[in-house]
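In: Sharing a model prediction with you, sequence too.
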Amino acid sequence: MKNATLRQLKTFEAVARRLSFSRAAIELNLSPPAVSTQIKHLEEHAGVALFEQLGKKIYLTPAGREMLYHSRAIIHCFREAEETLAKIRGAAGGSLSIGVISAGGYLFPQLLSEFSNKHVGVKLDLTVENRATLIRRLEENRIDLAIMASPPPQPRFVSTPFAPHAFLMVAAPSHPLVGKEYVSLADLKDERFVVRERGSDTWEAMQHAFDGQLELHDPIEIGNTEAIKQAVSSGMGISFLSAHTVTLELRAGLLAVLNVIDFPVVRMWHVVQWADKQLAPVAEAFKSFLLEDQRMHATAMDSVHA
């Protein structure tokens, strides 16, 4: 194994985690043949097969499972070395990997751009995923911080609230309930809902808002907010969405807000980290940037009244 490279180990870890050469290639921005070559070379160094194929699926061999354990440990050590050097360089250098839930994808790229302008030399990496995926990335130490509205309750995570995050009930402008002065959750019991998938931050916020008062029957779950907005606008159903995601559609008259009692539901944006992780200065600087930037508060309420 003395000739194995870090690149081979990272490629192997991605394939082992996804159990797919093609999905690992997309993640690593490599071609599938390049991924296969890296795995082949690593298996030659190991002197044993790391994967086996049964039908159309691949699985880790016993040697592959052992290799995965040690590969992750080695990758983690290199990451710690990078973070230590970043601390020496200070907030003006180093890299920052941020994960943001899908609703934040409409807002946070601008904030990251402004942060990078204030901290020249920082290398930024932004990942937009659903809540469940971001939590997994934190556990795997693949991102420094995650931004979400429903932080995980486990003590192995630390979360800090920093700004309000409003959620609305929206429908097509032609929907019969649009314009009604008061709409109760009971009025919505027979409505078809088009919603984000289970495991997403929006789903968690919706369940918290309904608090058992409204049960959804066969909702249409779509893992893409843009597709949900298109479906609702065309009259397919109503939806519970972040105010940040529907600002343009409300202004353009493509969607309308239902005046549901006790809505909008306002939760908080949280910045989440692994409890045992010692953040580099650049990550600490970004947390301070979020806590001090009051425009997030104004943006949330502006979205509600769009």
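Out: Sure, I can see it. Since we're looking at a predicted model, the values are computed, not measured. Numbering: from 1, shown residues only.
In: Could I get the buried residue list for stretch 220-239?
Out: 221-222, 225, 228-229, 231-233, 236-239 (16 or more other CB atoms under 10 Å). Every residue, glycine included, has its C-beta placed from N, CA and C.
In: and of the residues you listed, the nearest to Phe167?
Out: Distance to Phe167, by CB to CB, is smallest for Ser239 among those, at 10.2 Å.
In: Which strand or helix spans the closest one?
Out: Using DSSP states H and E, Ser239 maps to strand 239-242.
In: cool, and Ala81?
Out: With DSSP H and E as criterion, Ala81 is part of helix 62-89.
In: Given the very next helix or strand once past that helix, what are its sheet partners and their directions?
Out: Where DSSP H and E defines the elements, the next helix or strand beyond helix 62-89 is strand 95-100. Using DSSP bridges, strand 95-100 pairs in its sheet with strand 123-128 (parallel), strand 145-148 (parallel).
In: Select, out of those strands, the one closest to Met67.
Out: Short answer: strand 123-128, nearest of the strands paired with strand 95-100 by CB to CB, at 25.6 Å.
In: relative to helix 62-89, how tilted is the closest one?
Out: 130 degrees (axes from the mean of the first three to the mean of the last three CA atoms, to 10 degrees).
In: Quick check: mean pLDDT of strand 123-128?
Out: In this model, strand 123-128 has an average pLDDT of 87.
In: Not counting that strand itself, show me its contacts.
Out: 94-102, 104-105, 108-109, 112, 115-116, 134, 137, 143 (CB atoms under 8 Å, 6 or more residues apart in numbering).
In: same thing but at 6 Å, please
Out: With contact meaning CB atoms under 6 Å, 6 or more residues apart in numbering, strand 123-128 is reached by 95-100, 102, 105, 112, 116.
In: where are the low-confidence patches of the protein?
Out: 1, 86-93, 293-306 (pLDDT under 70).
In: Let me see the ranges of the helices in it.
Out: Counting by DSSP state H, the chain has these helices, from start to end: 6-18, 21-28, 32-46, 62-89, 108-118, 131-139, 201-210, 225-233, 243-251, 281-292, 295-304.
In: What is the second one packed up against?
Out: Looking back up the chat, that one is helix 21-28. On a contact count with 3 or more CB pairs under 6 Å, 6 or more residues apart in numbering; DSSP states H and E, helix 21-28 meets helix 6-18, helix 32-46.
In: Among these, show me which one is buried the most.
Out: Highest mean neighbour count among the helices and strands packed on helix 21-28 (mean count of other CB atoms under 10 Å): helix 6-18, with a mean of 20.
In: Can you lay out the contacts of strand 123-128 as TSV showing neighbour count?
Out: Output for the contacts of strand 123-128, formatted as TSV (neighbours: other CB atoms under 10 Å):
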residue	neighbour count
Ser95	15
Leu96	24
Ser97	18
Ile98	23
Gly99	25
Val100	25
Ser102	20
Gly105	17
Leu112	19
Ser116	15
